[in-house]
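K.L.:
please work out how this folds:
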Amino acid sequence: MTYVLQDESARAGDPIFLYEIDSGGTRYLRAAGPVDVTLTPSDTFLQPPDFTTSDPSTRTYVAEPGIAHTEILSSGEVDRAEVQISFPISSAFAISLLGASSPTTWVTIFRYHLSDVTSERRALFVGRLISREINGYQLNCRFENIVSRLRANGLREYFSTSCRHALYQQGCNLNIEDFFTAGTATALSDLDLTVTEAALQADGYYTGGVIRWNSVLVYVLGHTGSTLLLKSVPNGLAAAIAGGSQSVEIAPGCPLSIDVCGSRFNNADNFGGFPYIPKKNPYDGTPIDSDGSDARFISTVEREVN
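P.N.:
As a prediction, this is how the structure comes out:
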């Protein structure tokens with residue numbers, strides 16, 4: 001019996017949800033039920049996005065009864081096209097997202113009938129992870145629909161005196177590897193990490209920069225003396241420092257000003273701001289002489305002198 005016949009049947013249906021997750025090249029196959037589901041390649045109504053690993057001849061979806069998702073709606077409203085999937089905090093996929101940063105993650109939700117010998121699945125949702133939060137013993141992950149993502153407005157460059165580029169990213173064009181400095185982390189208190197070498201630079205030098213430990217990058221929110229305020233703490237760093245000092249690497253931040261861009265990074269040619277925008281508003285009603293000076297101010301001074 002095919003998927004459609006079972007789905008329309010009053011008694012033959014035995015539905016279960018299957019989840020195919022690709023997180024930074026690692027695939028997780030999960031079934032929201034008490035038993036594993038093994039499928040062979042077959043007709044599918046919608047193929048999942050490209051995975052970095054090749055499809056095996058068979059797929060085994062590991063049973064994980066704690067998985068559940070909110071209702072999948074077909075709507076033209078972007079905020080209603082999202083789906084929240086809850087994972088047990090102990091699951092391998094949830095653990096992989098508990099670090100300081102998470103890779104780009106895609107999910108495809110299938111509906112399948114356990115009694116369907118044809119192994120047909122219907123894809124109900126394809127989306128990308130946009131946020132995650134811990135709620136008790138669950139990790140709640142919000143995924144945006146791939147279709148709604150295509151309808152979203154793209155980012156536009158803005159006109160400002162400060163730089164519009166992200167440090168070490170496209171446009172800035174700096175290679176972060178050229179700016180890493182080896183350091184020794186000796187203490188950690190909440191989000192405050194003590195790195196001896198940070199004191200060699202003026203306060204604020206590493207604000208907006210990053211620290212790298214065990215290949216994990218963490219944003220630096222503040223820098224005072226040898227103390228770096230981290231946005232989050234990489235998994236395992238606290239325990240590692242408790243057992244002794246740790247080798248880290250730190251890269252400087254940037255206040256997005258033309259002066260620092262040139263003096264600290266020698267990168268003024270790639271500065272993405274417009275630092276020489278006239279600060280005088282030509283529409284405030286004040287007359288401006290041909291040399292750019294304030295005619296009203298000058299005439300007032302002349303009257304006082306005379």
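K.L.:
which strand of this protein spans the most residues?
P.N.:
Counting residues, the longest strand found in the chain (DSSP state E) is strand 121-135.
K.L.:
after it, which helix or strand is next?
P.N.:
strand 138-145 (DSSP states H and E).
K.L.:
related to what we said a few turns ago, packing partners of the longest strand of the chain?
P.N.:
Secondary-structure packing of strand 121-135 (3 or more Cβ pairs under 8 Å, 6 or more residues apart in numbering; DSSP states H and E): helix 3-8, strand 83-88, strand 105-113, strand 138-145, helix 146-151. Every C-beta, even on glycine, is put in place using the N, C-alpha and C of the backbone.
K.L.:
relative to strand 83-88, how tilted is the third one?
P.N.:
Which is strand 105-113. 90 degrees (axes from the mean of the first three to the mean of the last three Cα atoms, to 10 degrees).
K.L.:
tell me the buried residues in strand 105-113?
P.N.:
105, 106, 107, 108, 109, 110, 111, 112, 113 (16 or more other Cβ atoms under 10 Å).
K.L.:
pLDDT of that strand, averaged?
P.N.:
The pLDDT scores in strand 105-113 average 88.
K.L.:
check the secondary structure at residue 93 for me.
P.N.:
Look at residue 93: counting by DSSP: H, G, I helix; E, B strand; the rest coil, its state is helix.
K.L.:
tell me the bridge partners for the residue nearest to it when sequence neighbours are not counted.
P.N.:
Nearest in space to residue 93, with sequence neighbours left out and distances taken as Cβ to Cβ, 6 or more residues apart in numbering, is residue 28 at 4.6 Å. Applying DSSP bridges to residue 28 gives these bridge partners: residue 21.
K.L.:
what does residue 128 give?
P.N.:
Applying DSSP bridges, one finds that residue 128 bridges with residue 106, residue 144.
K.L.:
that one reaches residue 106, doesn't it?
P.N.:
Yes. At 5.6 Å, residue 128 counts as touching residue 106 under the criterion of Cβ atoms under 8 Å.
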